[in-house]
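Visitor: Sequence first, then the predicted structure:
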Amino acid sequence: MDSDNRKRPNDRPKAYEDPEFLSSPQARTLRVLAELLEPRYRLEREGIEDTIVFFGSSRIQRPAEGSAHAGLASLAPMYEAARELAHRLTEWGRDFSDERRFVICTGGGPGVMEAANQGAAEAGGRSVGFAISLPHEEQLNRYVSAELAFDFHYFFIRKFWFVYNAKALVFFPGGFGTMDELMEVLTLVQTGKVRKKMGIVLYGREFWRKAIDFDALTEYGVISPEDRDLFVIVDDVDEAFEQVCSFLTANYGPSLLEEEPPM
């Protein structure tokens, strides 16, 4: 028998080193756990505890680039608004306190996400990018800090990390993904599953008035009138900046650094 052609048991990789096993359906739980645990390891190593998360469409382009779609063209100013707001919040967060730094966080892709990462970078700050692997979309934009760049496979784990360190969230106009993220955040806050305080700002009054009829939801009784107080809608950078800064100062100021409730 030609023993040279047979793999001996000691030549087999350990299970956690076996790429065939790790990519199999049987190891899905391990992959989920890896996406849950590795970001925490890296965020803690980099000292990231507090984030201001920007959401919005990946299709909104810089005004100079233009868009063949009239609706998207009308939203082009949102790119510059997200960039300016992230820039101002990064500068503000740098001086907030010696113990606490609020870091811009996005989905890491193009559009509004790129604009927010760009604004943070131009202000001399770091920013987080929680990208998702998609076949038809560029993944991480070039403004995400290299040490804070993540690439997820599972949407639900990615959404967990959006919320885990978030103290404020700003929602610019967007499609299914943005709506999904907004509704999950509102549901978590409404039901008390998130015990920390999070400021929720919707940017672009006309868009949100048309996209979601909150008055109708209240009228039909499927949400309560007080649920309208879970968020604010703003129409310009100054108002958004004031809302976020006021909320963070009131709820996470230097005098409030004692033990905070978990997510």
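Guide: Ah, there it is.
Visitor: Contacts made by stretch 33-53 with the rest, please.
Guide: Residues from elsewhere that reach stretch 33-53, judged by CB atoms under 8 Å, 6 or more residues apart in numbering: 86, 89, 93, 100-106, 126, 128, 130, 147-148, 150, 152-154, 157-158, 160-170, 244, 248, 252. (Glycine included, C-beta is placed from N, CA and C.)
Visitor: Can you tell me how far F150 is from L140?
Guide: Between F150 and L140 the computed distance is 8 Å (CB to CB, to the nearest Å).
Visitor: still on that earlier bit, now the contacts of stretch 33-53: which count as buried?
Guide: Buried members of the contacts of stretch 33-53, scored by 16 or more other CB atoms under 10 Å, are 86, 89, 93, 100-106, 126, 128, 130, 148, 150, 152, 154, 157-158, 160-170, 244, 248, 252.
Visitor: Which of those fall in helices?
Guide: 86, 89, 93, 157-158, 160-164, 244, 248, 252 (DSSP state H).
Visitor: My reading is that M179 lies in a helix. Confirm?
Guide: Yes - looking at M179 with DSSP: H, G, I helix; E, B strand; the rest coil, it is inside a helix.
Visitor: list the contacts for it?
Guide: A211, I212.
Visitor: Could you do A82 as well?
Guide: By CB under 8 Å, 6+ apart, the contact list for A82 reads F54, G56, V112, A115, A116, G119, V170, F172, Y203.
Visitor: Go ahead and confirm the last one touches M78.
Guide: Yes - with contact taken as CB atoms under 8 Å, Y203 and M78 are classed as touching, separated by 7.3 Å.
Visitor: Of these two, which one has the most company?
Guide: Set Y203 next to M78 and count neighbours by other CB atoms under 10 Å: Y203 wins out with 27 against 24.
Visitor: Look up how far V237 lies from the more buried one.
Guide: Counting by CB to CB, the gap from Y203 to V237 is 9 Å.
Visitor: intersection of neighbour lists for these two?
Guide: Counting by CB under 8 Å, 6+ apart, the residues touching both Y203 and V237 are A81, L85.
Visitor: need the strands for this protein, in chain order.
Guide: 50-55, 102-106, 127-132, 149-152, 166-171, 199-203, 232-234 (DSSP state E).
Visitor: Quick one: residues contacting the closest residue to Q118 other than its chain neighbours.
Guide: The spatially closest residue to Q118, leaving aside those adjacent along the chain, is Y143, at 4.5 Å (CB to CB, 6 or more residues apart in numbering). Y143 makes contact with E114, N117, Q118, A120, A121, S127, according to CB under 8 Å, 6+ apart.
Visitor: Can you report how many residues neighbour the first one?
Guide: This means E114. E114: 28 neighbours (other CB under 10 Å).
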